[in-house]
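Colleague: Could you look at this predicted model? Sequence included:
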Amino acid sequence: MAKLTLGIDEAGRGPVLGPMVMAAVCLDTRGARALTRSGLRDSKSFGASDKARARRAELAAQVQAIALHVDVCVVDVVEIDRRVCRGELNVLEREVAQTLISRAPHVDRIIADGRTLFGPLAARYPNLVAWNKAESRHAAVAGASVVAKHRRDQIFELIRQRYVPIFGDVRGGGYGNEATRRFLRAYARKFHRLPPEARRSWPFHYLHDILGDDFDPLADLDTRDANRSQLGFLG
């Protein structure tokens, strides 16, 4: 009987704009081999070009077709900010992982990407192992990486399209690079605030000359506990 492995990985922990996405992919031995032969690997290794996004989309479709189970949680920026302000980003990621595990079928192994981050879950799930660069050690984790990144690509494309009519093309994928900073500076000049897709808990020193030295990005953030049904744990 083929052994089942559930892989867990995330995309979008570090960007300035847009949500974090975590995915779980369950593969049997045959499916893992087939996807590996198809070129499945860590989503980050493909880069950030249009060609890379297209390749991730192709592989995500193959994962969906071959995997026995695929699940995705999207965590919105408001919940990320709430938890970062309480020093609980790692706790949040472990909670999302537990949500994914609870919705998955019974498996022989659970492999999560990030030894320090997900290692504590082994106390609750004896069949869980957490490795750094786990996507290079099992196709199930690489599959989760690609599915999560592809979903985030799709979400960021909607964000980009929203602002193209006002600011022209929005490059940078929402990460803390020069292209993203240019967009945020243009937005701040026009609207004198941050866009709703921006994570308030990230540093914005490069906007002080526009918004003022007293600018507090957390001023409009409600840090109170929210009802779990509103936290953005979306499929």
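Modeller: Perfect, thanks for sending it.
Colleague: Let me see the domain layout of this protein.
Modeller: What the record gives for the chain is the domain set 4-150, 158-211, from automatic domain parsing.
Colleague: could you dump those to a markdown table with mean neighbour count and distance to residue 217?
Modeller: (C-beta placed from N, C-alpha, C; glycine too.) Conversion of those to a markdown table gives the following (neighbours: other CB atoms under 10 Å; distance: least, CB to CB, whole Å):
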| stretch | mean neighbour count | distance to residue 217 |
| --- | --- | --- |
| domain 4-150 | 20 | 9 |
| domain 158-211 | 16 | 4 |
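Colleague: Throw those domains into JSON lines and include distance to residue 218 and mean pLDDT, thanks.
Modeller: Below are those laid out as JSON lines (distance: least, CB to CB, whole Å; pLDDT from 0 to 100):
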{"stretch": "domain 4-150", "distance to residue 218": "7", "mean pLDDT": "94"}
{"stretch": "domain 158-211", "distance to residue 218": "5", "mean pLDDT": "95"}
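Colleague: will you turn those into JSON lines that also has distance to residue 219?
Modeller: Listed next are the domains of the chain as JSON lines, based on distance: least, CB to CB, whole Å:
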{"stretch": "domain 4-150", "distance to residue 219": "12"}
{"stretch": "domain 158-211", "distance to residue 219": "8"}
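Colleague: do you know which of these lies nearest residue 220?
Modeller: In terms of CB to CB, the element of the domains of the chain nearest to residue 220 is domain 158-211, at 7.4 Å.
Colleague: Kindly check the end-to-end length of the closest one for me.
Modeller: Counting by CA to CA, to the nearest Å, you get 26 Å between the two ends of domain 158-211.
Colleague: What of stretch 11-20?
Modeller: End-to-end distance for stretch 11-20, by CA to CA: 6 Å.
Colleague: And stretch 108-128, by the same measure?
Modeller: First-to-last residue span, stretch 108-128, CA to CA: 9 Å.
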